[in-house]
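Enquirer: coords below, sequence missing:
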């Protein structure tokens with residue numbers, strides 16, 4: 001367990017504590033937990049009850065996060081815990097994010113162990129993912145601190161549903177972030193995710209303009225819910241205007257899951273249409289995900305439009321970047337965090353056991 005300072009006691013005589021970590025502002029009676037399940041009122045404090053425990057540890061390609069412009073081809077040690085502070089009906093990690101059983105937290109590891117395991121397995125980064133790291137913030141930040149001692153980067157894969165004060169502390173420890181922008185509709189967030197759009201947009205603005213983090217965005221397209229031309233035009237136009245045209249955007253395919261089993265899979269044509277709208281609005285790096293689409297997997301130079309990184313799923317095929325991430329064809333800057341040569345991890349996924357000392 002770990003205590004945190006983002007809460008306060010209500011003065012209404014109820015004995016409840018209000019959690020101030022995320023915009024849900026859960027008001028929690030003694031002995032109970034918030035909607036996220038992992039934060040609870042224990043001994044008159046809001047405590048992270050899942051500290052030091054995980055749903056598992058795996059080494060993935062960094063492109064799977066997805067991050068296409070952050071140390072391409074390198075391995076990342078990925079882990080999550082349980083619970084979530086949103087209630088997305090389409091959640092594709094629902095067995096973890098909606099878990100209300102401690103059995104889902106079968107893997108135990110200290111922050112030092114995680115950083116050491118990443119170093120021993122030649123991982124260039126650790127990703128806080130599978131469920132939202134905002135809700136296990138204290139654990140993630142302690143791991144991040146240990147990773148910094150080993151020159152290992154830190155990646156947050158998050159929905160960005162966090163309050164302004166903890167937002168500062170959380171993202172100052174991250175090197176790269178992929179924010180899941182669920183839709184560009186308050187109605188979608190309220191009815192399908194149990195949240196609100198505005199705090200997510202505020203988080204995106206903060207990351208891009210107030211931190212050193214490399215930012216990429218993912219939007220899962222659900223047929224008939226968030227894939228209209230109008231909404232896609234609004235979403236990509238907002239990113240171009242407020243975050244910049246060099247912000248990478250990933251449109252990924254939905255498959256029926258959890259409480260949305262009656263929806264069809266996302267057709268490839270929908271993702272390609274979304275990508276075209278993003279490019280028309282000036283975005284330089286728009287990708288398609290969860291489908292085999294060579295054009296949507298490829299990074300193109302923002303100036304000469306020649307391919308500079310060609311991918312087959314998570315496998316790098318062609319690398320045409322020079323020193324400092326410049327285009328090998330015309331010398332223009334390709335935006336991202338690149339090294340002179342790419343990693344060679346490929347598409348493999350490797351489960352890592354953790355052994356308590």
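Expert: Noted; the coordinates are in hand. All of these numbers come straight from a predicted model, not from anything done at the bench.
Enquirer: Let me know the helix or strand that the residue nearest the centre of the chain is in.
Expert: Residue closest to the mean C-alpha point of the chain, counted by C-alpha atoms, centre = their mean, is residue 157 at 1.7 Å. Using DSSP states H and E, residue 157 sits within strand 153-158.
Enquirer: Provide the contact partners of that strand at residue level.
Expert: For strand 153-158, the external contacting residues (C-beta atoms under 8 Å, 6 or more residues apart in numbering) are 62, 65, 67, 70-71, 76, 124-130, 132-134, 140, 143-144, 147-148, 170-171, 173-180, 213. C-betas here are computed from N, CA, C, even on glycine.
Enquirer: What residues of the next helix or strand after that strand count as buried?
Expert: Using DSSP H and E, the next helix or strand after strand 153-158 towards the C-terminus is helix 164-171. Buried positions in helix 164-171, judged by neighbour count with 16 or more other C-beta atoms under 10 Å: 166, 167, 170, 171.
Enquirer: Next: stretch 348-357.
Expert: For stretch 348-357, burial by neighbour count (16+ other C-beta under 10 Å) applies to residue 352.
Enquirer: Who does the strand holding residue 157 pair with, and is each partner parallel or antiparallel?
Expert: Strand 153-158 pairs in its sheet with strand 125-128 (parallel), strand 176-180 (parallel), by DSSP bridges.
Enquirer: Tell me what angle it forms with helix 164-171.
Expert: Going by axes from the mean of the first three to the mean of the last three C-alpha atoms, to 10 degrees, strand 153-158 is angled at 140 degrees with respect to helix 164-171.
Enquirer: avg pLDDT for strand 153-158?
Expert: Average pLDDT, strand 153-158: 98.
Enquirer: And for stretch 334-341?
Expert: pLDDT averaged over stretch 334-341 gives 96.
Enquirer: tell me how far the ends of that stretch are from each other?
Expert: One end of stretch 334-341 sits 14 Å from the other (C-alpha to C-alpha, to the nearest Å).
Enquirer: How about stretch 331-348?
Expert: 32 Å.
Enquirer: contacting residues for residue 76?
Expert: 59, 60, 61, 62, 65, 123, 124, 125, 126, 127, 155.
Enquirer: now those residues in JSON lines, with neighbour count and distance to residue 196?
Expert: Listed next are the contacts of residue 76 as JSON lines, based on neighbours: other C-beta atoms under 10 Å; distance: C-beta to C-beta, whole Å:
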{"residue": "59", "neighbour count": "19", "distance to residue 196": "35"}
{"residue": "60", "neighbour count": "20", "distance to residue 196": "30"}
{"residue": "61", "neighbour count": "24", "distance to residue 196": "33"}
{"residue": "62", "neighbour count": "27", "distance to residue 196": "30"}
{"residue": "65", "neighbour count": "23", "distance to residue 196": "25"}
{"residue": "123", "neighbour count": "26", "distance to residue 196": "35"}
{"residue": "124", "neighbour count": "21", "distance to residue 196": "35"}
{"residue": "125", "neighbour count": "22", "distance to residue 196": "30"}
{"residue": "126", "neighbour count": "28", "distance to residue 196": "30"}
{"residue": "127", "neighbour count": "26", "distance to residue 196": "26"}
{"residue": "155", "neighbour count": "28", "distance to residue 196": "25"}
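Enquirer: Out of those, the closest to residue 310 would be?
Expert: residue 61 (14.9 Å; C-beta to C-beta).
Enquirer: sorry, back to before: farthest pair in the contacts of residue 76?
Expert: 61 and 126 (14.0 Å).
Enquirer: how does this structure divide up, domain by domain?
Expert: Structurally, the chain divides into domains by automatic domain parsing as follows: 2-48, 54-351.
Enquirer: Check these for me and report the most buried one.
Expert: Among the domains of the chain, ranked by average contacts under mean count of other C-beta atoms under 10 Å, first place goes to domain 54-351 (a mean of 19).
Enquirer: Where does the prediction get shaky in the stretch 51-200 of the chain?
Expert: In the predicted model of the stretch 51-200 of the chain, residues 93-106 satisfy pLDDT under 70.
Enquirer: For it, just list every one of the helices.
Expert: Shown for the stretch 51-200 of the chain, the helices assigned by DSSP state H, counting those that start in this stretch span residues 94-97, 111-120, 137-149, 164-171, 186-188, 198-210.
Enquirer: next one: the stretch 251-357 of the chain
Expert: Using DSSP H, counting those that start in this stretch, helices in the stretch 251-357 of the chain cover 268-280, 294-297.
Enquirer: could those go into JSON lines alongside distance to residue 190 and mean pLDDT?
Expert: Output for those, formatted as JSON lines (distance: least, C-beta to C-beta, whole Å; pLDDT from 0 to 100):
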{"stretch": "helix 268-280", "distance to residue 190": "22", "mean pLDDT": "98"}
{"stretch": "helix 294-297", "distance to residue 190": "30", "mean pLDDT": "96"}
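Enquirer: Dump these to CSV, plus distance to residue 342.
Expert: Shown next, in CSV, are the helices of the stretch 251-357 of the chain (distance: least, C-beta to C-beta, whole Å):
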stretch, distance to residue 342
helix 268-280, 23
helix 294-297, 14
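Enquirer: Between those helices, which one is closest to residue 303.
Expert: Comparing the helices of the stretch 251-357 of the chain under C-beta to C-beta, the one sitting nearest is helix 268-280, at 14.4 Å.
Enquirer: helices or strands up against that closest one?
Expert: Secondary-structure packing of helix 268-280 (3 or more C-beta pairs under 8 Å, 6 or more residues apart in numbering; DSSP states H and E): strand 214-221, helix 229-238, strand 249-253, strand 286-289, helix 294-297.
Enquirer: Much appreciated, bye for now.
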